[in-house]
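Chemist: Here is a sequence with its predicted model. Questions after.
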Amino acid sequence: MSQAQPATASPETKEKDTIVVSGIQPSGTLHLGNYFGAIRQHISLHREHEAYFFIVNYHALTSLHDAEALAHYTMDVATTYLALGFDPEEAHLFIQSDVPEVTELAWIFYNLTPVSHLEKGVSYKDKIAQGLSPNAGLLNYPVLQAADILIYGGTLVPVGADQKQHIEMTRDTAGRFNHTFCDDDAPLFTLPEPLILDDVSVVPGLDGRKMSKSYGNTIGLFDEGKDLKKKVMSIVTDSTPLDEPKDPEADNVFALIKLFASDEKREEIAEAYRAGGYGYGHAKKELLGMIDSYFAEARERRRELKQRPDYVRDVLREGARNARAQAEPIMDRVREAVGIVSATR
Ligand code: AQP
């Protein structure tokens with residue numbers, strides 16, 4: 001990772017056919033689900049394509065009402081991306097609210113979105129079932145997400161499998177806007193494609209449900225020592241005795257091991273499960289070592305970056321400047337298409 005002066009990347013310097021966009025919520029400490037579902041793809045794609053990654057603090061407000069925590073996690077997500085290898089000279093990392101046009105676009109989209117579609121949102125229904133308050137922000141979450149993606153002309157959205165429906169809603173929104181306000185041969189928005197890795201699917205948490213900040217079942221990317229050990233040892237397994245054969249594909253520990261292990265190692269452990277005489281305790285120890293060494297370098301870089309908050313802010317400021325430069329001409333076209341005139345602009 002380069003730690004030279006931040007953000008010399010400009011939207012002009014990379015080919016325009018693919019524009020990668022994705023957001024991440026600063027609603028808690030980032031975890032293995034976020035990493036394998038999305039961040040790892042963000043880091044690998046940002047060198048190849050023009051890319052915009054934003055820390056969606058307005059989205060986090062749908063579930064987090066603690067000013068200090070929101071401010072803390074916002075900076076923590078930025079530090080985490082930099083520690084994991086995001087290079088600000090290659091792409092743009094910024095805070096969602098630093099591009100205020102995104103909420104303006106969301107408002108325009110609200111007026112094209114049937115409430116009945118939002119009420120059918122799988123993520124919305126899941127969160128309500130888990131006891132989150134059904135506030136209007138939570139219901140409208142996918143509309144703001146559509147604005148986030150379309151305002152930068154995003155064409156490719158690397159996300160976890162849980163976000164598939166939201167990207168479909170973004171495509172519907174883009175289609176509805178084009179149909180309502182544009183000529184058939186001059187659509188304003190391109191329909192973006194999701195990039196979802198088949199081999200990751202949904203990463204399970206300690207209790208076997210989707211690993212999620214709001215479920216309190218996560219393993220943080222930078223957990224270490226006793227804390228990490230305690231979490232790994234608490235992963236829920238069935239009660240098959242040590243001696244008996246086990247089905248690796250039905251086990252939460254193995255689902256996490258698969259994310260880290262080489263093909264060869266994965267097969268070796270799967271075979272040990274099937275043979276019997278290999279207990280869940282053995283598997284957990286193996287997993288613990290894998291997590292610890294996989295993130296060791298990034299943990300170190302994160303410690304260094306924590307000492308340089310001004311650098312992290314500079315990266316975010318420059319990222320927002322570039323993102324806004326990309327968003328503004330698109331918003332001008334949107335306002336014109338919709339008929340939003342201004343006496344001051
Ligand atoms: N368990 C998971 N498996 C695979 N991918 C996941 N992602 C999240 N959890 C898993 C992916 O991480 C990206 C960023 O997620 P987010 O923070 O914007 O929101 P989320 O999906 O709602 O993640 P959480 O942890 O469940 O957050 P809260 O509890 O705050 O809502 C997304 O691409 C997501 O697919």
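Modeler: Happy to help now that I have it.
Chemist: Pick out the residue in the stretch 1-150 of the chain sitting closest to the ligand.
Modeler: Residue nearest to the ligand within the stretch 1-150 of the chain (C-beta to the nearest ligand atom): residue 37, separated by 1.9 Å. (Glycine included, C-beta is placed from N, CA and C.)
Chemist: if you skip the residues just before and after it, what's nearest to that residue?
Modeler: residue 160 (2.7 Å; C-beta to C-beta, 6 or more residues apart in numbering).
Chemist: Identify the residues contacting that neighbour.
Modeler: By C-beta atoms under 8 Å, 6 or more residues apart in numbering, the contact set of residue 160 is 33-34, 37-38, 196, 200, 202-203.
Chemist: again, only this time at 7 Å
Modeler: 33, 37-38, 202 (C-beta atoms under 7 Å, 6 or more residues apart in numbering).
Chemist: How about residue 54?
Modeler: Taking C-beta under 7 Å, 6+ apart, we find residue 54 in contact with 23, 94-96, 148.
Chemist: who does the biggest helix by length in the chain touch, helix- and strand-wise?
Modeler: The longest helix of the chain (DSSP state H) is helix 309-338. Packing partners of helix 309-338 (3 or more C-beta pairs under 7 Å, 6 or more residues apart in numbering; DSSP states H and E): helix 67-83, strand 92-95, helix 101-110.
Chemist: Can the lowest-mean-pLDDT helix or strand in the chain be said to contact the ligand?
Modeler: Of all helical and strand segments in the chain, the minimum by mean pLDDT, DSSP states H and E falls on helix 122-129, at a mean of 90. No: applying C-beta under 6 Å from any ligand atom, one finds helix 122-129 separated from the ligand by no less than 6.7 Å.
Chemist: which residues touch the residue located most distally from the centre of the chain?
Modeler: For the chain, the largest distance from the centre (C-alpha atoms, centre = their mean) belongs to residue 243, which lies 39.9 Å off. Listed by C-beta under 7 Å, 6+ apart, the contact partners of residue 243 are 276-277.
Chemist: Any figure for the gap between it and the ligand?
Modeler: Taking C-beta to the nearest ligand atom, to the nearest Å as the measure, residue 243 falls 32 Å from the ligand.
Chemist: I believe that residue is in a helix; please confirm or correct that.
Modeler: No: if the criterion is DSSP: H, G, I helix; E, B strand; the rest coil, then residue 243 is coil and not within a helix.
Chemist: Isn't the residue of the stretch 1-150 of the chain closest to the ligand up against residue 203?
Modeler: Yes: between residue 37 and residue 203 there is a contact under C-beta atoms under 7 Å: 6.0 Å.
Chemist: in the stretch 101-250 of the chain, which spans are helices?
Modeler: 101-110, 115-119, 122-129, 136-150, 164-181, 225-233 (DSSP state H, counting those that start in this stretch).
Chemist: closest one to residue 65 among those?
Modeler: helix 136-150 (10.4 Å; C-beta to C-beta).
Chemist: If we go by neighbour counts, what in the closest one is buried?
Modeler: 138-150 (16 or more other C-beta atoms under 10 Å).
Chemist: so where's this protein uncertain?
Modeler: 1-16, 198-200 (pLDDT under 70).
Chemist: for the ligand, what are the nearby residues on it?
Modeler: 23-25, 27-28, 33-34, 37-38, 63, 159-160, 162-163, 202-203, 210-214.
Chemist: if we go to 5 Å?
Modeler: Residues of the chain lying near the ligand by C-beta under 5 Å from any ligand atom: 24-25, 27, 33-34, 37-38, 159-160, 162-163, 202-203, 210-214.
Chemist: Could you measure from the residue farthest from the centre of the chain over to residue 277?
Modeler: In this view, residue 243 and residue 277 are 6 Å apart by C-beta to C-beta, to the nearest Å.
Chemist: before we move on, what about residue 68?
Modeler: Counting by C-beta to C-beta, the gap from residue 68 to residue 277 is 50 Å.
Chemist: Could you check which of the two has the larger neighbour count?
Modeler: Counted by other C-beta atoms under 10 Å, residue 68 and residue 277 do not tie: residue 277 has more neighbours, with 11 against 7.
Chemist: count of neighbours near the residue of the stretch 1-150 of the chain closest to the ligand?
Modeler: Residue 37, neighbours per other C-beta under 10 Å, totals 25.
Chemist: hmm, back to that, of the helices of the stretch 101-250 of the chain, which stretch is the most buried?
Modeler: Among these, the stretch with the highest mean neighbour count (mean count of other C-beta atoms under 10 Å) is helix 136-150, at a mean of 22.
Chemist: Can you give me the buried ones in stretch 245-264?
Modeler: Buried residues in stretch 245-264 (16+ other C-beta under 10 Å): 246, 248, 251-261.
Chemist: actually stretch 88-101, not the one I typed
Modeler: 88-99, 101.
Chemist: May I see these arranged in CSV, with distance to residue 316 as well?
Modeler: Listed next are the buried residues of stretch 88-101 as CSV, based on distance: C-beta to C-beta, whole Å:
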residue, distance to residue 316
88, 9
89, 14
90, 15
91, 13
92, 10
93, 7
94, 5
95, 6
96, 11
97, 11
98, 7
99, 11
101, 17
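Chemist: Where does the stretch 51-200 of the chain get nearest to the ligand, which residue?
Modeler: Closest point on the stretch 51-200 of the chain to the ligand, by C-beta to the nearest ligand atom, is residue 160, at 2.3 Å.
Chemist: Good, we can wrap up now.
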